[in-house]
Structure formats: C-alpha cells, structure tokens
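**Student:** Sequence first, then the predicted structure, then my questions.
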Amino acid sequence: MTLQTEQVGQAPIVLDDKDYEILRLLQENSKLTIREIASKVHLSPTPTHERIKRLEREGVIRKYVALLDNRKINKGITVIVQISLKEHNKRAAQEFIDAVLDFKEVTECYNISGDFDFMLKIVVESMGSFHYFSVNKLSEISGIAQTKSIFVMDTIKETPLLL
C-alpha cells in the first residue's frame, strides 16, 4: 500500500508499507538500533538507514524525545484552557501565538473552531502555580476576550502514537 500525505505548500510525500512499519517501530521505541529496525522490517541496515534519513529530511519524523510522567516530576495539574480573542485577524492571532510560544507551562496549543479560537494544554505543579500562570502570564496577553479553564481529573488515554 502506498499513500500520499500532503503538507501545506509542499508536494505530497509518498510513503510505502516499509516506511509505515519503520515509523510504527520508532514511535514505540525510538532507541531501537538501525539493525534492530532492519531485522523487524525485513530489510538490510543500509536501505533502512536511508529510509529513516529520508523520513527525517522530509519532516515526517520531526524529532526524537523522551516522554516523561508529569506526576513523577512534580507536574500533577493539567488544565485545558479555551480562549477566544477580541479581534479575529492575523495580527491579533499572531500576537497571541507569539506570547504562548514563550510559556513553558503550555505544552500544546491548538487553533480551533467553534465558540473559542484557541485551546491550550497547561501542565503545572499545583493549583497555586496555575493561578500564578493565569494571573501573571496568560491574562497579560492583550486581545483575549474570554477564557474557560477545564481541570483534568484523570488521564484515561494519552499517547503519541499516530500509527
């Protein structure tokens, strides 16, 4: 099976079954060696390495990271914050985005449709930390019309796996 993925402003990237197998393996464990991956996808190491380098170069693989357990590093509070802006134009949106990109507490930011314009995932140490963030950082961004905070009680499913 060969599928094409589209990227805005770029030609589609063609991925085949071997590419998807490699991507699944790397999602599950990015510490696998080239030899281990090659063995599992039934290729020799050289073409496996070349495929991985192509996937990295084309941006299919964006980066390799270590996933941390937020509770074990004293980041036990997760809050979803929905935000609507006063003005709906490129300048207002860019000002908001620029400010949010500087906040280490924001682990995810989405531009959404519906009643709100943006949705943030915020991970902090405590309710006090969230209050400080909300009052001293988030509310200082000009152009925010409304915010709605949703406190996560428990995480049922959280996965970086796309395939």
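**Tutor:** Noted; the coordinates are in hand.
**Student:** contacts, neighbours, all on C-alpha from now
**Tutor:** Will do.
**Student:** so is the most centrally placed residue in the chain in a helix, a strand, or just coil?
**Tutor:** Nearest residue to the geometric centre of the chain (CA atoms, centre = their mean): Glu108, 5.9 Å. With DSSP: H, G, I helix; E, B strand; the rest coil as the basis, Glu108 sits in strand.
**Student:** Confirm for me that it is in contact with Asp102.
**Tutor:** No: Glu108 is beyond contact range of Asp102, at 12.0 Å (criterion: CA atoms under 8 Å).
**Student:** Ala145 should be in a helix, yeah?
**Tutor:** No: the assignment for Ala145, made by three-state DSSP, is strand rather than a helix.
**Student:** per-residue confidence at it?
**Tutor:** We have a pLDDT of 97 for Ala145.
**Student:** again with the one 5 residues further on
**Tutor:** Looking at Ile150, its pLDDT is 98.
**Student:** How about Val8?
**Tutor:** Taking Val8 on its own, its pLDDT is 57.
**Student:** Out of the helices and strands in the chain, which is least certain?
**Tutor:** None of the helices or strands of the chain scores lower by mean pLDDT, DSSP states H and E than strand 3-7, at a mean of 49.
**Student:** Spatially nearest residue to the residue sitting furthest away from the middle of the chain (excluding sequence neighbours)?
**Tutor:** Taking CA atoms, centre = their mean, the residue of the chain most remote from its mean C-alpha position is Ser44, at 31.8 Å. Once flanking residues are discounted, Ser44 sits nearest to Ala38: 5.5 Å by CA to CA, 6 or more residues apart in numbering.
**Student:** So what's the residue count around that neighbour?
**Tutor:** For Ala38, the neighbour count with other CA atoms under 10 Å is 19.
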